[in-house]
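Visitor: my questions concern the predicted model and sequence given below.
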Amino acid sequence: MVTGLRERAWEAAAAVKDPEVPVLTIEDLGVLRDVAVDGDRIRVDITPTYSGCPAMDTIRDDVELALTRAGFGDVEVRLVLAPAWTTDWMSDEGKRKLTEYGIAPPSGHAALRRAQGPVRVSLGVRCPRCGSLDTRELSRFGSTSCKALYECRACLEPFDHFKVI
């Protein structure tokens, strides 16, 4: 029975949308880390994309509301900072949704940057509109701190790129 409750609670929490990129759920983004059942109590762990993310209060409130609407009365949502969030936690579906929304998804793996050995060379960021790799970074920070602002030299459109973290 607990397994069924956990699955129902996970489903309700997983459907919560990211307030900054509303095409993504917190599951797509990898922010939803755990759902646990302890008797009648549901505990949900969420991890911010970075420690100062202003969306976390809204996400917490939205998760509590989603679980309450799903019939759960005793809900605790915890902000978990360790391990730190990484773009490696984003789902492939989430990356696909980002592209369709006009945001270049992160490419590569964050864990590789910390490895010893050859220095990785940053290659072009693919334009989510026309697919060109002829792009340039305009600003290290885009509409949110986890995105950078780019311009496509082929179609001349600006776009956000979700940074590899």
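Guide: Sure, I can see it. Numbers count the residues shown, from 1 in each chain.
Visitor: backbone dihedrals for E100, please?
Guide: Recorded main-chain torsions at E100 are phi -60, psi -30, according to degrees, to the nearest 10.
Visitor: from E76, how far out is the residue lying closest to it once chain neighbours are set aside?
Guide: Spatial nearest neighbour of E100, chain neighbours left out: V23 (7.2 Å); criterion: CB to CB, 6 or more residues apart in numbering. Just so you know, the C-beta spots here come from the backbone N, C-alpha and C atoms, and that holds for glycine as well. According to CB to CB, to the nearest Å, V23 stands 28 Å off from E76.
Visitor: and the strands in the chain?
Guide: Applying DSSP state E to the chain gives strands spanning 32-38, 41-46, 74-79, 103-104, 135-139, 147-152, 158-162.
Visitor: what residue ranges in the chain score low on pLDDT?
Guide: Residue ranges of the chain with pLDDT under 70: 1-3, 108-123.
Visitor: list the contacts of the residue nearest the centre of it.
Guide: In the chain, the C-alpha closest to the average C-alpha coordinate belongs to L29, at a distance of 2.5 Å (CA atoms, centre = their mean). With contact taken as CB atoms under 8 Å, 6 or more residues apart in numbering, L29 is in contact with D18, V21, T49, W89, M90, G94.
Visitor: isn't the second one up against Y101?
Guide: So the one you mean is V21. Yes: checked against CB atoms under 8 Å, the pair V21 and Y101 is within contact range at 6.9 Å.
Visitor: comparing those two, which residue is more hemmed in?
Guide: For V21 versus Y101, neighbours defined as other CB atoms under 10 Å are more numerous around V21 (22 against 15).
Visitor: please parse the chain into its domains.
Guide: Per automatic domain parsing, the structural domains of the chain span 2-79, 92-162.
Visitor: out of those, deepest packed?
Guide: Each of the domains of the chain was given a mean neighbour count from mean count of other CB atoms under 10 Å, and the largest, a mean of 17, is that of domain 2-79.
Visitor: need the contact list for P158.
Guide: Applying CB under 8 Å, 6+ apart, one finds that P158 lies in contact with L138, L149, Y150, E151, C152.
Visitor: could the residues you listed go into CSV alongside distance to P128?
Guide: As requested, the contacts of P158 are exported to CSV (distance: CB to CB, whole Å):
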residue, distance to P128
L138, 15
L149, 13
Y150, 10
E151, 12
C152, 9
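Visitor: which of those residues sits closest to A36?
Guide: Looking at these and their distance to A36, the nearest is L149, at 38.7 Å (CB to CB).
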